[in-house]
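Colleague: Quick one, fold the following:
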Amino acid sequence: MTRTIKSLQAGRAIAAIAVVAHHSCIAISDFIGGMPAVLQRILNYGYLGVDFFFVLSGFIIYYSNRAVADRRGWSARYVANRFTRIFIPYLPIGMSMAFAYTLRPDSVGAQRGWAWFPTLTLFPAGSPALSVAWTLQHEVCFYGVFWLLRRAGQLLPGALLWAASIVVTNLFTTAPVIPLDLINLEFLFGIFAARCFLDDRIQTGPPWIMAGFIAVIMFFLIGERNTSIIFGFGLACLLVPLVRAERAGKLDAGPFLLLGAASYAIYLVHCPLISLSIRLSAMIGAGWLPTLVALLVASTVAGVAYHLLIEAPAIRLARRLLFLSRARPETPAALHVE
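Modeller: Now for the predicted structure:
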């Protein structure tokens, strides 16, 4: 039986809030200003929450499917679970943004060059209307590659081949297609971490922690967004001793479970909410500090409400209609990570 990993749930909560802080910082800089340079620099690193999500996705998908992928009907359950988990919470917000941009083609967001097809399908080509949905295009791509390699029985060799293709492609071009984008390596780092965690013959502890911190420090010394896979590799190294510490009863992440479960909802709602709220703050002349606090609180509260009132009930209903409620879930219920 697959056990829940509460520490990863806590990590998802922190990652979601970090992304909100990153986008709040950008909005405040554009509309209000006045934020201290040091704080602005710190909050701008909130984009690393995306790197954590990618590493975590690789970890959880491998962790939750390792023992069930050879069972009859796994493919259907896998596809249905991935579809319901990603699209049901996303589509109401993604389509709302698309309709808003269609009605207001002169708006700043509408000028990004979005298109209906990637908005509706998250196909890894073109731009969805919801700006942060570019990460979901990578997720969908990863889910497809994972399914293909797992069904072929060549997951690890295939993952290594995919990694090599990504590296080679990026040596010769700076704008590869989504399946060959360098950031996809973070999914593979997560698979590597999950495999090491599950193999009790592999000893973890100081060497893994040291490797993780060295990679994280290296990233901050470089400080460039396009090198964040170094940070992702460090996170993957740190995940292994972290989840083993929880398994040994040394960690308790219980208080973060709700925020972790709502992290996807927070991620989906925060950009439209910030876009509206920052204009209101600028209109009433609010300072940067109350605006920052308001954006963080509002995004978190709205995300939790969306999770409790729409996301979770809709996913339960969809899976019941798809006859998934009687089957053993691929992902632990407390994680909601897909």
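
Colleague: Can you list the buried residues in stretch 57-71?
Modeller: 57, 58, 59, 60, 61, 62, 63, 64, 65, 66, 68, 69 (16 or more other Cβ atoms under 10 Å). Placement of C-beta: from N, CA and C, glycine included.

Colleague: I'd like to know how far the second one sits from residue 197.
Modeller: What it means is residue 58. Relative to residue 197, residue 58 is positioned 12 Å away (criterion: Cβ to Cβ, to the nearest Å).

Colleague: Look up how far residue 266 lies from the residue lying closest to residue 278 once chain neighbours are set aside.
Modeller: Leaving aside its sequence neighbours, residue 278 sits nearest to residue 27 (Cβ to Cβ, 6 or more residues apart in numbering; 4.1 Å). The gap separating residue 27 from residue 266 is 16 Å, by Cβ to Cβ.

Colleague: Check residue 60 too.
Modeller: If you measure residue 60 against residue 266 using Cβ to Cβ, the figure is 18 Å.

Colleague: Please enumerate the helices of this protein.
Modeller: Assigned by DSSP state H, the helices in the chain fall at 6-31, 37-44, 48-65, 74-103, 116-121, 134-151, 155-172, 185-198, 206-222, 228-247, 257-261, 263-284, 288-306, 312-321.

Colleague: List just the one of those helices that sits closest to residue 178.
Modeller: Nearest to residue 178, of all the helices of the chain, is helix 134-151, at 5.6 Å by Cβ to Cβ.

Colleague: Now do the closest one and helix 48-65, the angle between them.
Modeller: Angular relation of helix 134-151 and helix 48-65 on a 0 to 180 degree scale: 20 degrees, by axes from the mean of the first three to the mean of the last three Cα atoms, to 10 degrees.

Colleague: and the angle for helix 134-151 with helix 185-198?
Modeller: Orientation check (the same axes, to 10 degrees): helix 134-151 against helix 185-198 gives 50 degrees.

Colleague: mind listing what the spatially most central residue of the chain touches?
Modeller: Closest to where the C-alpha atoms of the chain average out (Cα atoms, centre = their mean) is residue 53, at 3.4 Å. Contacts for residue 53 were tallied using Cβ atoms under 8 Å, 6 or more residues apart in numbering; they are 12, 15, 135, 267.

Colleague: Surely the first one is in contact with residue 57?
Modeller: In this case it means residue 12. No. With contact taken as Cβ atoms under 8 Å, residue 12 and residue 57 are classed as non-touching, separated by 10.2 Å.

Colleague: Near the closest residue to residue 227 other than its chain neighbours, how many other residues are there?
Modeller: Excluding the flanking residues, the one nearest residue 227 by Cβ to Cβ, 6+ apart is residue 219, at 6.2 Å. The burial count assigned to residue 219 is 22, neighbours taken as other Cβ atoms under 10 Å.

Colleague: do residue 204 as well
Modeller: Neighbour count of residue 204, defined by other Cβ under 10 Å: 21.

Colleague: cool, and the one 4 residues further on?
Modeller: Residue 208 is surrounded by 21 other residues when neighbours are defined as other Cβ under 10 Å.

Colleague: Residue 113 now?
Modeller: Other residues within reach of residue 113, judged by other Cβ under 10 Å, total 7.

Colleague: I figured it was touching residue 131, is that so?
Modeller: No. Look at residue 113 against residue 131 with Cβ under 8 Å: they stay out of range, at 11.2 Å.

Colleague: now residue 175: how far from residue 226?
Modeller: Shown here: residue 175 relative to residue 226, a distance of 11 Å by Cβ to Cβ.

Colleague: Of these two, give the one with the bigger neighbour count.
Modeller: Neighbours were counted for residue 175 and for residue 226 using other Cβ under 10 Å; residue 226 has more, 10 against 6.
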